[in-house]
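**Q** need the 3D shape of this:
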Amino acid sequence: MTATHTQDFRLQRRLQQDSIQLSGKTVYINPFLYWRRFDTNTDRWLREPGQLGEDQITLNRSRFYPELEWSLLDDSQRNLKDAAVEMFLKSLELIGTFHPDLTAGQLLEVERKMTVTKKEAFERWVGKSLRRRLNEESREKQRFERERVFRMWREWFCLEASHQAMGVFLATVILSGFVGWSIGLSKTTSTTFLVPSEQTGIR
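**A** Residues are numbered from 1 along each chain as shown. Reported below is the predicted structural model:
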């Protein structure tokens with residue numbers, strides 16, 4: 001089998017996983033295959049977790065994850081699964097929008113295949129999105145903290161009392177440096193003029 005045939009086979013297999021045949025029509029169950037028909041708001045709505053209400057997601061947990069005991073999940077796992085549930089709901093809404101002629105039974109077939117074939121893919125996708133959001137929030141907090149510290153110091157330097165304190169501090173530093181330099185100079189001068197006793201005797 002040639003490389004071209006191998007690539008074609010993989011592409012066909014992937015398309016079979018990302019689509020379903022209904023009444024002779026191909027319906028894509030991968031929502032990102034509709035991206036050419038998205039506007040900017042729809043694209044952002046699909047890609048960013050947290051666009052649907054928490055109540056709506058909670059009500060549909062068992063619909064897509066009937067095997068899970070949600071109370072046993074830790075916070076990170078629960079957030080990941082909730083984001084995947086949100087992705088399922090968004091995908092079904094998009095498919096219904098782009099295929100308004102699908103019957104309730106056909107939409108149920110779409111949902112069943114999506115639940116079986118897209119669960120891991122959705123979890124990987126939303127996991128990346130959640131990590132990216134966490135990193136962005138961390139960078140934003142660091143930037144806010146830097147700005148807060150800078151603003152605090154700037155406000156402190158603008159105070160009259162701060163000017164006086166800085167003046168006293170600088171004067172103290174300069175005076176201390178001058179005193180240290182004077183003491184060091186005097187010790188160096190005294191050492192230079194001292195003559196060792198061994199050198200004063202007559203040989």
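**Q** residues in contact with Ser76?
**A** Contacts for Ser76 were tallied using C-beta atoms under 8 Å, 6 or more residues apart in numbering; there are none. From N, CA and C alone the C-beta is placed, and that goes for glycine too.
**Q** separation between it and Val126?
**A** The gap separating Ser76 from Val126 is 12 Å, by C-beta to C-beta, to the nearest Å.
**Q** with Lys118 instead?
**A** Distance from Lys118 to Val126, counting by C-beta to C-beta: 11 Å.
**Q** and Leu102, by the same measure?
**A** Taking C-beta to C-beta, one finds Leu102 at 25 Å from Val126.
**Q** looking at those two, which is more packed in?
**A** Per other C-beta atoms under 10 Å, whichever of Leu102 and Val126 has more neighbours is Val126, with 22 against 18.
**Q** quick one: contacts for that one?
**A** Residues near Val126 by C-beta under 8 Å, 6+ apart: Pro49, Leu80, Ala83, Ala84, Glu86, Met87.
**Q** between these, which is nearest Gly24?
**A** Closest approach between the contacts of Val126 and Gly24, by C-beta to C-beta: Met87, at 27.9 Å.
**Q** shouldn't that closest one be in contact with Ala121?
**A** No - the pair Met87 / Ala121 is not scored as a contact, 9.2 Å apart, by C-beta atoms under 8 Å.
**Q** neighbour-wise, which of these two wins?
**A** Taking other C-beta under 10 Å, Met87 and Ala121 do not tie; Met87 has more neighbours (25 against 16).
**Q** neighbours of the nearest residue to the more buried one once chain neighbours are set aside, how many?
**A** Using C-beta to C-beta, 6 or more residues apart in numbering and skipping residues adjacent in sequence, the residue nearest Met87 is Phe122, 4.5 Å away. Residues contacting Phe122 under the criterion other C-beta under 10 Å number 24.
**Q** what do you get for Ser91?
**A** 22.
**Q** isn't it up against Lys113?
**A** No - checked against C-beta under 8 Å, the pair Ser91 and Lys113 is beyond contact range at 11.4 Å.
**Q** what do the two both touch?
**A** Ile29.
**Q** longest helix of this structure?
**A** Longest helix in the chain, counting residues (DSSP state H): helix 119-158.
**Q** list the buried residues of it.
**A** Across helix 119-158, burial judged by 16 or more other C-beta atoms under 10 Å covers Lys119, Ala121, Phe122, Trp125, Val126, Gly127, Ser129, Leu130.
**Q** where does pLDDT dip in the chain?
**A** 1-15, 153, 155-157, 159, 162-163, 185-203 (pLDDT under 70).
**Q** in it, which spans are strands?
**A** With strands called from DSSP state E, the chain shows them at 19-22, 25-28.
**Q** what is the neighbour count of Glu67?
**A** Glu67 has 5 neighbours, counted by other C-beta under 10 Å.
**Q** now it: how far from Ile174?
**A** Relative to Ile174, Glu67 is positioned 75 Å away (C-beta to C-beta).
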